[in-house]
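Undergrad: could you work out the structure for the sequence below:
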Amino acid sequence: MICNPLNAGSFEHPISTMICTVACHVGTALAQSLPTATQPLRVLAFAGATVTNTGLDSGENTGVTAGVDLSLPSHRGLDPSVEVRGTFPFEKGSVDSQKNVLGGLKVALHHGHLFPYANLLVGRGEITYPGNGHGVPGTPIFYTESSTIVVSPGAGLDLVFNSSTTQPK
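TA: Residues are numbered from 1 along each chain as shown. Reported below is the predicted structural model:
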């Protein structure tokens with residue numbers, strides 16, 4: 001029996017017509033009963049002051065760290081996002097200045113207004129040495145600039161003040 005709701009009256013028995021009509025509309029009813037996404041992808045921008053201990057001759061930089069998070073669909077109570085951030089010194093210190101641009105994955109748990117998270121970011125870091133550069137002890141070599149790949153695992157806690165961005169428990 002082929003179900004065609006436009007020609008449903010062509011069956012010989014009214015029960016066949018009813019079964020055909022119900023069978024043709026079950027897919028529509030099921031699709032309307034399934035939950036849909038309740039929140040679109042979010043973009044979160046952030047910025048903050050940064051003091052970096054460079055680890056070289058007590059060097060310190062004061063700068064700004066800024067970036068964006070693009071949230072991805074939640075999965076099993078986890079809120080994943082893709083994050084891109086950069087740290088740029090505006091007071092470069094007398095020993096060295098460090099800047100970086102990183103990107104990677106961030107995964108948060110959702111507890112009302114609190115979002116504890118862990119992230120793994122990878123990118124490029126650059127160190128610039130002022131003046132004639134930084135000398136390598138015992139050699140006539142002076143570094144003026146160096147760059148490398150940076151791998152930055154981290155964890156933290158985000159606090160959301162806007163109640164419309166929280167999900168019920």
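Undergrad: the chain: strands as residue ranges?
TA: Secondary structure of the chain (DSSP state E): strands located at 43-53, 60-71, 78-91, 97-109, 114-128, 134-135, 142-143, 145-159.
Undergrad: deepest of these, which one?
TA: Of these, the one with the most neighbours on average (mean count of other CB atoms under 10 Å) is strand 97-109, at a mean of 19. From N, CA and C alone the C-beta is placed, and that goes for glycine too.
Undergrad: domains for the chain, by residue range?
TA: Following automatic domain parsing, one finds the domains of the chain at 1-34, 43-165.
Undergrad: between the ones you listed, which gets the lowest average pLDDT?
TA: Of all those, domain 1-34 carries the lowest average pLDDT, namely a mean of 48.
Undergrad: tell me how far the ends of stretch 85-105 are from each other?
TA: 11 Å (CA to CA, to the nearest Å).
Undergrad: from what I see, residue 51 and residue 62 are in contact.
TA: Yes. Between residue 51 and residue 62 a contact is recorded at 5.5 Å, counting by CB atoms under 8 Å.
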